[in-house]
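Chemist: can you look at this prediction? I've put the sequence above it.
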Amino acid sequence: MPQAKQPAPSQWPDEQALAAWMARNVTGFVGPLRLSKFEGGQSNPTFRIHTNAGDYVLRRKPLGPVLPSAHAVDREFRVLSAMHKAGIPVPRVRELCMDETVLGSIFYVMDMVPGRVFWDPRLPELSHQDRDAIFDSMNDTIARIHQLDPDAIGLGDFGRKEDYLQRQIARWTRQYQASATGPNPHMDLLIDWLPRHLPDEHPARVVHGDYRLDNVLIHPTEPRVVAVLDWELSTIGNPIADFAYHLMTWRFAPELFRGLAGTDFARSGIPDEATYASRYIARSGLTPPEDWEFYLVLSMFRIAAILQGIAKRAEDGTASDIRAREVGAKAYPISELAAGFVRAL
């Protein structure tokens, strides 16, 4: 898991109340406990629960006002339960607490999975062979997720199965407009362009919503995925759109948002965008889209809207990470990049 640090007092759960709750609800828990906060966690504050008998992870909804439908840790708990039963590498969840009086917001506890988190997708510290193996494992994992029948794993009602792309555009338009902190003509262009260029839908599948390298755990010593994390945005939707969100990494410069643009793929061992996409199509069994560009533009629009939400929380003083203002500022250049792709079509 990522390195933990001391949490900011404003988001620090009551350790005594948490220990009492875990003693009642988590089989095998033995106190006392202490908490530290994981690096990152712009959306839902995430804490490591240290105990003498082993460690757990706590995911909670942020304190204070948040955007409608955001920070749905209860949905994350449900999808993690289903994915674990389906054989997808995810942490084992223990218990969900919907009683906000315990810690001030809803939360759940899951097992701690040993592993590595890599923030730079260029993986400069690894070998050619390990880079290729990690990206291949990520590709295989998301393809396995998208092969699952939602009805067969108990998630048939996890979201609407029709008009996913149209609803995504509407949702992130609303989210962006609710969190706008100033004018952005690039987002205005995307809000106009996307609904007028909708492609046909693909079969509905469970989608992760934020699948990228720093949202998976890599085995401590082996180049393979051992856990997919941060399922907060998961729902039933278009698997190609979900994969394209992951594929954005190949379009972003490293300094913009942990991207791979400019990488010498032949020398690095990392597959180029076309190779990576073709592997996914072969594994998932899905029909390749006629226009990847639409899906990539939609993905950039989504992440710009998400980052704008972080910028708004930073402005309001409710962000869970001290770097929120810096991260939120990426919304504008990402929307500018997406608008540039649209203008070039």
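Modeler: In hand now; what should we look at? In this text the structure is predicted, and so the values were computed from the model without any measurement.

Chemist: OK, contacts around His50?
Modeler: Listed by C-beta atoms under 8 Å, 6 or more residues apart in numbering, the contact set of His50 reads 33-36. For glycine as for every other residue, the C-beta is placed from the backbone atoms N, C-alpha and C.

Chemist: actually, Met248.
Modeler: Met248 neighbours (C-beta under 8 Å, 6+ apart): 259, 296, 299-300, 303.

Chemist: mind putting the residues you listed in TSV, pLDDT, neighbour count and secondary structure included?
Modeler: Compiled in TSV, the contacts of Met248 are given as follows (pLDDT from 0 to 100; neighbours: other C-beta atoms under 10 Å; DSSP: H, G, I helix; E, B strand; the rest coil):
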residue	pLDDT	neighbour count	secondary structure
Gly259	95	19	coil
Leu296	97	21	helix
Ser299	96	22	helix
Met300	97	27	helix
Ile303	93	22	helix
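
Chemist: of the residues you listed, closest to Ala86?
Modeler: Of all the contacts of Met248, the one sitting nearest Ala86 is Ser299; the distance, using C-beta to C-beta, is 24.8 Å.

Chemist: chain neighbours aside, what residue packs nearest to the closest one?
Modeler: Nearest non-adjacent residue to Ser299, counting by C-beta to C-beta, 6 or more residues apart in numbering: Tyr245, 4.1 Å away.

Chemist: for the host helix or strand of the one you found, C-alpha coordinates in CSV please.
Modeler: Under the criterion of DSSP states H and E, Tyr245 resides in helix 239-247. Taking C-alpha atoms only, helix 239-247 is exported to CSV below (Å, rounded to 0.1, in the frame of the first residue of the first chain):
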residue,chain,number,x,y,z
PRO,A,239,-16.5,-0.9,-21.0
ILE,A,240,-14.8,0.9,-23.9
ALA,A,241,-15.3,4.2,-22.2
ASP,A,242,-13.8,2.7,-19.0
PHE,A,243,-10.8,1.4,-20.9
ALA,A,244,-10.3,4.7,-22.7
TYR,A,245,-10.1,6.5,-19.4
HIS,A,246,-7.2,4.2,-18.6
LEU,A,247,-5.7,4.8,-22.1
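
Chemist: report the distance from it to the chain centre.
Modeler: 12 Å (C-alpha atoms, centre = their mean, to the nearest Å).

Chemist: contacts for that helix, please.
Modeler: Under C-beta under 8 Å, 6+ apart, the answer for helix 239-247 is 138, 142, 146, 164-165, 168, 202-203, 205, 207-212, 273, 276-277, 280, 284, 286, 289, 292, 295-296, 298-299, 302-303.

Chemist: in the stretch 201-345 of the chain, which spans are helices?
Modeler: 239-247, 254-257, 265-268, 273-284, 292-316, 324-328, 331-344 (DSSP state H, counting those that start in this stretch).

Chemist: on that earlier part again, closest one to Ile191 out of the contacts of Met248, please.
Modeler: Met300 (12.8 Å).

Chemist: quick one: low-confidence ranges for this structure?
Modeler: Residues of the chain meeting the criterion pLDDT under 70: 1-11, 40-43, 64-71, 320-321.

Chemist: so what does the residue positioned nearest the centre of it have for phi and psi?
Modeler: In the chain, the centroid-proximal residue (C-alpha atoms, centre = their mean) is Asp210; its distance is 2.9 Å. Here is the backbone geometry of Asp210 (degrees, to the nearest 10): phi -160, psi 40.

Chemist: go ahead and confirm Leu194 touches Val297.
Modeler: Yes: the pair formed by Leu194 and Val297 meets the contact definition of C-beta atoms under 8 Å, at 7.0 Å.

Chemist: so for the two, which residue has more residues nearby?
Modeler: When Leu194 and Val297 are compared for neighbours, Val297 comes out ahead with 25 against 22, by other C-beta atoms under 10 Å.

Chemist: where exactly do the strands run in the stretch 1-150 of the chain?
Modeler: Along the stretch 1-150 of the chain, the stretches classed as strands by DSSP state E, counting those that start in this stretch are 4-5, 33-38, 46-51, 56-60, 93-97, 107-111.

Chemist: would you turn those into a markdown table with distance to Thr221?
Modeler: Shown next, in a markdown table, are the strands of the stretch 1-150 of the chain (distance: least, C-beta to C-beta, whole Å):
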| stretch | distance to Thr221 |
| --- | --- |
| strand 4-5 | 21 |
| strand 33-38 | 21 |
| strand 46-51 | 21 |
| strand 56-60 | 21 |
| strand 93-97 | 25 |
| strand 107-111 | 19 |
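
Chemist: so which of the ones you listed comes closest to Arg160?
Modeler: strand 93-97 (23.0 Å).
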